[in-house]
Every structure is written in C-alpha cells, then in structure tokens.
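please find the sequence and the predicted model below.
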Amino acid sequence: QVHVVESGGGLVQPGGSLRLSCAASGFVLDYYATAWFRQAPGKEGERVSCDPLSDGSTYYADSVKGRFTFSRDSAGNTVYLQMDSLKPEDTGVYYCATARRCRDYLGEYDYRGQGTQVTVSS
C-alpha cells in the first residue's frame, strides 16, 4: 500500500528555520520526481520546489529561492525541505507529492500526503 507522510511542521518565529520531511512507503521515492507545494488560506496552491531526478536542476519558486533547500536521503525513501529565514507569508499547509516528472499543479501528481502545517508568526 502506498503512503506519503509529511512531518516537521510547526510554529516558528519570523527568521527561524524548519525542516520538513516526506517519507514514502509502498514505492521507492527515489524513482520519482518529488515536489513540495503549499496552500495558504484564501490563496491558490503554490509549487514551492520540485526535484526532477533526471538531468535538470531543482526548481524553486521565486518566493523561496535562496531560503529553501530540497534534498533526498541516501536510503531513497525520504525527501526534505529545509526552510530558513522564514517569513509570515510562508505560512500554510505544506504537501509532498510525487509524479514521473515535475508538474505545475498538485492535482497532477500521482501520490501526495495529508500535509503538515507551518505557521510563521511572532
């Protein structure tokens, strides 16, 4: 059975850091392009980052470039999103999603988790 589970969210002050994790079971995450999306109340979902696996660089939205870093663990079934210099506008539910290649919208991905809440507030 396929599962994707995000963790690591929480409440952090502006300027702080969080590291989100996305763990997969039932399939090998390292065989798929993997993306992080976020959904803020009243706003459209935004693709924050996507690692295509194949030749090509990791995508970052302009709003997070230089502050967020995507990585994969050596075992192949967990990916991370290191988030530094967090801002209140980074608040939202963060989702991990996988597909054969990076796509623009969360609904286009094959598997996704339930999300983890990130709140940036003083």
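Yes, it's here.

my read: Gly113 touches Val5, true?
Yes. Assessed by Cβ atoms under 8 Å, Gly113 is found in contact with Val5 at 5.3 Å. Where you see a C-beta, it was placed from the backbone N, CA and C, and this is true even at glycine.

quick one: Gly115 from Gly9, how far?
Relative to Gly9, Gly115 is positioned 8 Å away (criterion: Cβ to Cβ, to the nearest Å).

and for these two, which residues touch both?
When contacts are counted by Cβ atoms under 8 Å, 6 or more residues apart in numbering, Gly115 and Gly9 are jointly contacted by Val93, Tyr94.

quick one: contacts for the closest residue to Phe68 other than its chain neighbours?
Beyond its immediate neighbours in the sequence, the residue positioned closest to Phe68 (Cβ to Cβ, 6 or more residues apart in numbering) is Met83, lying 5.2 Å away. Under the criterion of Cβ under 8 Å, 6+ apart, the contact list for Met83 reads Ser17, Leu18, Arg19, Leu20, Val64, Arg67, Phe68, Asp90, Val118.

nearest spatial neighbour of the first one, skipping sequence neighbours?
By the measure of Cβ to Cβ, 6+ apart, the closest residue to Ser17 outside its immediate chain neighbours is Asp84, 4.7 Å from it.

I'd say that neighbour and Asp90 touch.
No. When contacts are counted by Cβ under 8 Å, Asp84 is not listed as touching Asp90 (10.3 Å).

the more surrounded of those two?
Neighbour tally, Asp84 and Asp90, criterion other Cβ atoms under 10 Å: the higher count belongs to Asp90, 22 against 14.
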